[in-house]
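Peer 1: Predicted structure and sequence below. I'll ask about it afterward.
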Amino acid sequence: MSDHTHEHTHTYTHEHGSHHHHDEPIPESKDRMVALLDYNCQHNESHASELKRLAEKLKDQGYEAEAAKVSEACDAFSKGNVALREALTKLKEG
């Protein structure tokens, strides 16, 4: 798997390369949890954008069924991110 880049900046540091490290402890402070949640929203949005471009490429090359499944995944990312953004807003307000 090759490295990939993202079009956003991260306020929560996270090693990003061909392997993701998701076993780091969850921070205890509210500020760090806000930063982590915000980072994850941005991270998911970036992946959703990548997947959308992939779906378009698959469709252009005649892989209709595969493109539909990738588009389905994009929708799932979007729905999940709505919930994450709502949680982030409530955490910031509380």
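Peer 2: Cool, the structure landed.
Peer 1: Any stretches of the chain with poor pLDDT?
Peer 2: Along the chain, the model assigns pLDDT under 70 to residues 1-23.
Peer 1: which residues in it form helices?
Peer 2: In the chain, the helices defined using DSSP state H lie at 30-60, 64-93.
Peer 1: looking at those helices, which is buried most?
Peer 2: helix 30-60 (a mean of 16; mean count of other Cβ atoms under 10 Å). Any C-beta I mention is one placed from the backbone N, CA and C, and that applies to glycine too.
Peer 1: by contact count, what packs against that one?
Peer 2: Counting contacts by 3 or more Cβ pairs under 8 Å, 6 or more residues apart in numbering; DSSP states H and E, helix 30-60 is packed against helix 64-93.
Peer 1: wait, what's in contact with the closest residue to Ala55 other than its chain neighbours?
Peer 2: Sequence neighbours aside, Val70 is the residue nearest to Ala55 in space, at 4.0 Å (criterion: Cβ to Cβ, 6 or more residues apart in numbering). The contact partners of Val70, taken as Cβ atoms under 8 Å, 6 or more residues apart in numbering, are Leu51, Leu54, Ala55, Leu58.
Peer 1: possible to save the residues you listed as JSON lines with distance to Lys30?
Peer 2: Below are these laid out as JSON lines (distance: Cβ to Cβ, whole Å):
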{"residue": "Leu51", "distance to Lys30": "31"}
{"residue": "Leu54", "distance to Lys30": "36"}
{"residue": "Ala55", "distance to Lys30": "37"}
{"residue": "Leu58", "distance to Lys30": "41"}
